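Participant: Give the three-dimensional model of this entry:
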Amino acid sequence: MLPRLRNVLILAVAICPLFMPACGSQGSAPAGGTATSEISPAQAQFYANVEEWTKSVRQMTIGLTNYPTPGTLLYTVVTSHGGTGATCGDFAIALQDLLAANGVTARARATYMDEESSHAITEYFDPYLQRWNVADPTFGVVYLNPTTGVGQSLDDISALVQKMDFADLQIQYVTPEGDYYMANYFMDPLTCFLNPTPLGQQNQTIVNSSMPYLDGNPPSNLEGLNGYYVVGFGNLSEEVVIYTFVGGPVAEQTFVPATLSPWLVGQYENFYSPWMYKSMPADAHLYTLPFFSIHNSVVTFPRDGSTGITTGPPVVFQWAEIAGAQEYRLQVGTTPGNYNVMDSGNILAISYPVSSLMPQTRYYAKLSTEFQGTWRSRTASFQTSIAVPSLSYPPNGATGIDSTKPVQFTWNTVTGLQYFILYVGTTPGGSDVYNSGTIPNTSASVNLLPNTKYYVELWPLINNGFYTSFTSFQTAP
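Facilitator: Okay, the predicted model is just below:
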């Protein structure tokens, strides 16, 4: 699986190993232990040391990325197999080695959501309560009740996740970033704990279905929206094909079932806006990946730190849905803490259009989430691009466009505009219907057929640089 983070970490994470063998001393201690009403100073120091070592491994990276800092233990682990970005397996092994160097018995273990998504963690042996506990350096957390000293093993966590009992997970964040690493993952990472690999077993059997942890959506409701999706199929022979338009020519992406899965779930992929279907079987579905243990949503578009965000048509802010969230509130401004551009008020939606953004401006967004009566907030910033023209008619997604007479395509102009090129086709990226060549005007008259879906590309040349926008519409019968 690609352990992708929704925000800045996405570029820095590599593939997790399909199998992470148990490492270090296995030991033979019982899985459970008896907690005392108070823990001794030595015991408290032991847990504090484990937290500090877990924190130190998570911080062996360059900033908030997963690129290891040269000279660190994590860098040694990553480069030993020719890697550049640290995988969850690299983090787990680095912590295991650090614990072992300090006399703590530890092992790395793997766990799976399904065939597409896996994770590796470190278990360390608690000599005081005679049990194994999880420390997860990838996300900067340990699983431990700091009052009683009772930790949670991989199997303990899995049992709670299988019951969707996220409230009883003893998550302790050990870095100054708090839940940042977990909340910026492309899904709730705890759902990877559904199917832990038994000790000594190399081939994972997927026993627990991931389907209860996915949100089903009618495909038509999601077309074009930026986000991470899981494609679900009706049978093993099906495929879903989409067109994407990001960063250049039209490209196709094909998705097929995970053939080992009895639930016929396909790949987990980030669909970048804009995109549209080329083919979608009637019994196929798109699923999104909600968060259960993180009660504080994060803006997924525009991404924190992103640049080149076009200002028109309206920028549709999107964020991760939080299971059980009561309301959200989006605020946008031009300086940190001063949200003077817009305020959505309290809403239930997980997207919101903002039409008042200016070009070449840095904006700051604050997204607040209400969960069980408590509000929590996250901030992000992004930079808009220069002003780019957009098609005003026909509107994107329109149906019933009259084709009994030539259709007048119209768009706006901007400062620095040199010329336009307009393509109209019956397939995304096509120009089989109309190719304007280079034109200075902001309209074009095109003859169209009835009951046909058309795809439009508008390419303005601005200050010697090409920009583009993509739309589609349907003519009336």
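Participant: C-alpha from now on. contacts and neighbour counts both.
Facilitator: OK.
Participant: Next secondary structure after the helix or strand where residue 370 lies?
Facilitator: Assigned by DSSP states H and E, residue 370 belongs to strand 362-371. Helices and strands here follow DSSP H and E; after strand 362-371, the next one along the chain is strand 374-383.
Participant: Now do that following strand: distance to the chain's middle.
Facilitator: 16 Å (Cα atoms, centre = their mean, to the nearest Å).
Participant: what's next to the next helix or strand after that strand, contact-wise?
Facilitator: Of the helices and strands lying after strand 374-383 in sequence (DSSP H and E), the nearest is strand 391-393. If you take Cα atoms under 8 Å, 6 or more residues apart in numbering as the criterion, strand 391-393 is touched by 408-412, 458, 469, 471.
Participant: Pull out the buried members of those residues.
Facilitator: 409-410, 458, 469, 471 (16 or more other Cα atoms under 10 Å).
Participant: could the contacts of strand 391-393 be laid out in a markdown table, adding secondary structure?
Facilitator: Output for those, formatted as a markdown table (DSSP: H, G, I helix; E, B strand; the rest coil):
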| residue | secondary structure |
| --- | --- |
| 408 | strand |
| 409 | strand |
| 410 | strand |
| 411 | strand |
| 412 | coil |
| 458 | strand |
| 469 | strand |
| 471 | strand |
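Participant: what about residue 42, distance to residue 357?
Facilitator: According to Cα to Cα, to the nearest Å, residue 42 and residue 357 sit 56 Å apart.
Participant: Neighbour count for the two, which is higher?
Facilitator: For the pair residue 42 and residue 357, the greater number of neighbours falls to residue 357 (21 against 10), based on other Cα atoms under 10 Å.
Participant: Show me the domain layout of the chain.
Facilitator: Domain assignment for the chain by automatic domain parsing gives 8-196, 214-288, 299-383, 391-474.
Participant: So for the last one, first residue to last residue, what's the gap.
Facilitator: Terminal residues of domain 391-474 lie 15 Å apart, using Cα to Cα.
Participant: any idea how far that domain is from the chain center?
Facilitator: For domain 391-474, the distance to the chain centre is 32 Å (Cα atoms, centre = their mean).
Participant: which residues does residue 475 contact?
Facilitator: Counting by Cα under 8 Å, 6+ apart, residue 475 has contacts 399-403, 448-454.
Participant: Low-confidence bits of the stretch 151-300 of the chain, can you list those?
Facilitator: 202-203, 220, 245-250, 259-264, 266-267, 273-274 (pLDDT under 70).
Participant: mind running it again at 80?
Facilitator: Residues of the stretch 151-300 of the chain meeting the criterion pLDDT under 80: 200-205, 216-227, 244-251, 258-275.
Participant: so where do the helices sit in it?
Facilitator: 154-162, 180-183 (DSSP state H, counting those that start in this stretch).
Participant: CA atoms only for the shortest one, dumped as PDB, please.
Facilitator: Yep, that's helix 180-183 we're talking about. Taking Å, rounded to 0.1, in the frame of the first residue of the first chain, the C-alpha atoms of helix 180-183 are listed here in PDB:
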ATOM      1  CA  TYR A 180      -0.700  16.200  12.900                       C
ATOM      2  CA  TYR A 181       0.800  13.100  11.500                       C
ATOM      3  CA  MET A 182      -2.300  11.000  12.000                       C
ATOM      4  CA  ALA A 183      -4.700  13.600  10.900                       C
END
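Participant: ok, residue 444 - contacts?
Facilitator: Counting by Cα under 8 Å, 6+ apart, residue 444 has contacts 408-410, 436.
Participant: one step back: can you tell me which of the helices of the stretch 151-300 of the chain is packed in deepest?
Facilitator: When you average the neighbours per residue for each of the helices of the stretch 151-300 of the chain (mean count of other Cα atoms under 10 Å), helix 180-183 leads with a mean of 22.
Participant: which residues are contacting that helix?
Facilitator: 5, 138-140, 188-189, 294, 296-298.
Participant: quick check, nearest of those residues to residue 118?
Facilitator: Within the contacts of helix 180-183, proximity to residue 118 (Cα to Cα) peaks at residue 189, which comes in at 9.1 Å.
Participant: In the stretch 1-150 of the chain, where is pLDDT below threshold?
Facilitator: 1-38, 115-116.
Participant: quick one: the strands in it?
Facilitator: In the stretch 1-150 of the chain, the strands defined using DSSP state E, counting those that start in this stretch lie at 106-114, 117-126, 131-136, 141-143.
Participant: As a markdown table, those strands with mean neighbour count and distance to residue 444 would be great.
Facilitator: Below are these laid out as a markdown table (neighbours: other Cα atoms under 10 Å; distance: least, Cα to Cα, whole Å):
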| stretch | mean neighbour count | distance to residue 444 |
| --- | --- | --- |
| strand 106-114 | 27 | 51 |
| strand 117-126 | 26 | 48 |
| strand 131-136 | 26 | 58 |
| strand 141-143 | 23 | 58 |
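Participant: Output these in a markdown table, with distance to residue 48 appended to each entry.
Facilitator: Listed next are these as a markdown table, based on distance: least, Cα to Cα, whole Å:
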| stretch | distance to residue 48 |
| --- | --- |
| strand 106-114 | 16 |
| strand 117-126 | 12 |
| strand 131-136 | 12 |
| strand 141-143 | 10 |
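Participant: out of those, nearest to residue 271?
Facilitator: Among those, strand 117-126 comes nearest to residue 271, with 17.1 Å by Cα to Cα.
Participant: Give me the sheet partners of the closest one and which way each runs.
Facilitator: Applying DSSP bridges to the sheet, strand 117-126 is found paired with strand 106-114 (antiparallel), strand 131-136 (antiparallel).
Participant: hang on, residue 477 packs against residue 400?
Facilitator: Yes. Using Cα atoms under 8 Å, residue 477 is in contact with residue 400, at 7.4 Å.
Participant: Output the contacting helices and strands for the longest helix along the chain.
Facilitator: If you go by DSSP state H, the chain has its longest helix at helix 41-58. In terms of contacts (3 or more Cα pairs under 8 Å, 6 or more residues apart in numbering; DSSP states H and E), helix 41-58 is packed against helix 88-101, strand 131-136, strand 141-143.
Participant: Output those in a markdown table; the columns should cover distance to residue 328.
Facilitator: As requested, those are exported to a markdown table (distance: least, Cα to Cα, whole Å):
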| stretch | distance to residue 328 |
| --- | --- |
| helix 88-101 | 31 |
| strand 131-136 | 29 |
| strand 141-143 | 26 |
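Participant: and of the ones you listed, who's closest to residue 386?
Facilitator: Evaluated over these, closeness to residue 386 peaks at helix 88-101, with 38.4 Å, by Cα to Cα.
Participant: Tell me the buried residues in the closest one?
Facilitator: Across helix 88-101, burial judged by 16+ other Cα under 10 Å covers 88-100.
Participant: relative orientation of that helix and helix 41-58 in degrees?
Facilitator: Comparing the axes of helix 88-101 and helix 41-58 via axes from the mean of the first three to the mean of the last three Cα atoms, to 10 degrees yields an angle of 140 degrees.
Participant: Residue 107 and residue 133 touch, don't they?
Facilitator: No. Residue 107 is not in contact with residue 133 according to Cα under 8 Å; the separation is 10.3 Å.
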